[in-house]
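Participant: the amino acid sequence is not available; the structure is as follows:
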């Protein structure tokens, strides 16, 4: 590795010490570090889209928007602990380091957790927002679980064989639950679908986007009507913060 590349790498613990952590109006903690090249107003719009009732479950987390969070640990020793001293962050972007980076790294700081998001891997505001919201969705589900009303809705949709899903993991777990009558897979499916739905709901609050933009080749997207049912339920559970609006608009044929 070149000296220049090596000099750009610092530990997650150093970033946590040096970064200026702020709080959104909803209480979400976040910081920008290095040459992340983020517009402050855009980032605030994304952070503050998280409803206050949901943000309470994230109070032990801080989201660090850094240029690149490196995929491997320092020394590239797989058996080492996932400590703040082992996780490497780049203070700038290079193609070489970009090839070694992951979309995010979760770092345990003992009583809190840092989520380091590789801002320079995200090519636009849409991608950055969705990466952040996916992390929020999974973190919330880990802390708060899945409401029974949502579990019942998604299983009813699965039994009705509605087309597609909201992610590859949700698609696979739903298939396993239906094929093998697997209760664990059914529970996993509800959790994954809920995290996905939270992320899409938050994305709709922060950015005006076309649902088709979430399409991936490996699995078909969930039918729009079924997704609308899920999002409306999430909106009922977690109403938008002041200044944000939830709306679903269908294209006229």
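Facilitator: Good, I have the coordinates. Computed from a predicted model, the values in this text were never measured in an experiment. Residues are numbered from 1 along each chain as shown.

Participant: so which bits of the strand or helix carrying residue 226 are buried?
Facilitator: Element membership of residue 226, judged by DSSP states H and E, is helix 224-237. Within helix 224-237, the residues that qualify as buried are 226-227, 229-231, 233-235, 237, counting by 16 or more other C-beta atoms under 10 Å. C-betas here are computed from N, CA, C, even on glycine.

Participant: so residue 219, which state does it fall into?
Facilitator: Under the three-state scheme (DSSP: H, G, I helix; E, B strand; the rest coil), residue 219 adopts coil.

Participant: find the nearest non-adjacent residue to it, please.
Facilitator: The spatial neighbour of residue 219 that comes closest, neighbours along the chain excluded (C-beta to C-beta, 6 or more residues apart in numbering), is residue 171 at 4.3 Å.

Participant: on that earlier part again, a markdown table for the buried residues of helix 224-237, including pLDDT and distance to residue 113?
Facilitator: Written out in a markdown table, the entries for those read as follows (pLDDT from 0 to 100; distance: C-beta to C-beta, whole Å):
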| residue | pLDDT | distance to residue 113 |
| --- | --- | --- |
| 226 | 97 | 33 |
| 227 | 97 | 29 |
| 229 | 98 | 32 |
| 230 | 98 | 27 |
| 231 | 98 | 27 |
| 233 | 98 | 28 |
| 234 | 98 | 23 |
| 235 | 97 | 27 |
| 237 | 97 | 24 |
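
Participant: let me have those residues in TSV, adding distance to residue 155 as columns.
Facilitator: Formatted as TSV, the entries for these read as follows, by distance: C-beta to C-beta, whole Å:
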residue	distance to residue 155
226	12
227	16
229	13
230	12
231	17
233	13
234	16
235	20
237	17
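
Participant: any idea how far apart the tips of stretch 153-166 sit?
Facilitator: Across its full length, stretch 153-166 reaches 14 Å end to end, with C-alpha to C-alpha, to the nearest Å as the criterion.

Participant: now do it: everything it contacts.
Facilitator: Counting by C-beta atoms under 8 Å, 6 or more residues apart in numbering, the neighbours of stretch 153-166 from elsewhere in the structure are 171, 174, 177-178, 186, 189-190, 192-194, 196-197, 200, 214, 219-223, 226-227, 229-230, 233.

Participant: again, 6 Å this time
Facilitator: Under the criterion C-beta atoms under 6 Å, 6 or more residues apart in numbering, residues 171, 174, 190, 193, 196, 220-223, 226 lie in contact with stretch 153-166.

Participant: buried set for it?
Facilitator: 153-155, 157-158, 162, 164-166.

Participant: between the residues you listed, which is nearest residue 130?
Facilitator: Lowest distance from residue 130 to those (C-beta to C-beta) belongs to residue 166, with 11.7 Å.

Participant: next one: that closest one from residue 13, what distance?
Facilitator: Using C-beta to C-beta, to the nearest Å, one obtains 35 Å as the distance from residue 166 to residue 13.

Participant: likewise for residue 113?
Facilitator: For residue 113, the distance to residue 13 (C-beta to C-beta) stands at 13 Å.

Participant: what of residue 88?
Facilitator: Relative to residue 13, residue 88 is positioned 11 Å away (C-beta to C-beta).

Participant: neighbour count: these two, which is higher?
Facilitator: Taking residue 88 and residue 13 together and counting by other C-beta atoms under 10 Å, residue 88 has the greater number of neighbours (27 against 17).

Participant: A strand includes that one, no?
Facilitator: Yes: using three-state DSSP, the secondary structure at residue 88 is a strand.

Participant: is it true that it touches residue 70?
Facilitator: Yes: Residue 88 is within contact range of residue 70, at 4.2 Å (criterion: C-beta atoms under 6 Å).

Participant: which residues in this structure form strands?
Facilitator: With DSSP state E, the ranges of strands along the chain come out as 9-11, 22-23, 29-32, 61-66, 68-73, 87-90, 101-102, 104-108, 113-118.
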